[in-house]
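J.: I need the structure of the sequence given here:
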Amino acid sequence: MTAATEVWAIVVAVGVGTFCIRFSFIYLFEYLSEVPDGLERALRLVPAAVLSALVVPAVVVVDGSPALSLDNGRLLAAGAAAVVAWRTENILATIAVGMAVLLGLRLVV
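T.: Below you'll find the predicted structure:
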């Protein structure tokens, strides 16, 4: 096999594997009359875990290394946005405050 053929074989195998894993859950849930309580509790935590996994590296890592100092404007903006999210539970206000703080810090510094 050539290198290109090997790459395509791997891509197809990974695609089929991904499809099978996702389809298996859809297929299995069709035969469940109700979702077990433990699974339902665990699934409620998935959105927060995914959001944290996406946001934390974008906020903390600057130029490839962790930046946990007051020089990191993204960290300060995320902190302000977290306070607004906690107090108001309004996603638009959270985004607006976070972006405004980040823009203000970049203009000042």
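J.: the longest helix seen in the chain: what's the following helix or strand?
T.: Secondary structure assigned by DSSP state H gives helix 3-30 as the longest helix of the chain. Past helix 3-30, heading to the C-terminal end, the next element that is a helix or strand (DSSP states H and E) is helix 37-44.
J.: tell me which residues in that next one are buried?
T.: Of the residues in helix 37-44, none has enough neighbours to count as buried (16 or more other Cβ atoms under 10 Å). C-beta here means a position set from N, CA and C on the backbone, and glycine is covered the same way.
J.: over to stretch 51-66?
T.: The neighbour-count criterion (16+ other Cβ under 10 Å) identifies 59, 62 as the buried residues of stretch 51-66.
J.: list the contacts of that stretch.
T.: Where contact means Cβ atoms under 8 Å, 6 or more residues apart in numbering, the residues beyond stretch 51-66 that reach it are 67-68, 72, 74-75, 78.
J.: try 6 Å this time
T.: By Cβ atoms under 6 Å, 6 or more residues apart in numbering, the list of residues contacting stretch 51-66 from outside reads 72, 74-75, 78.
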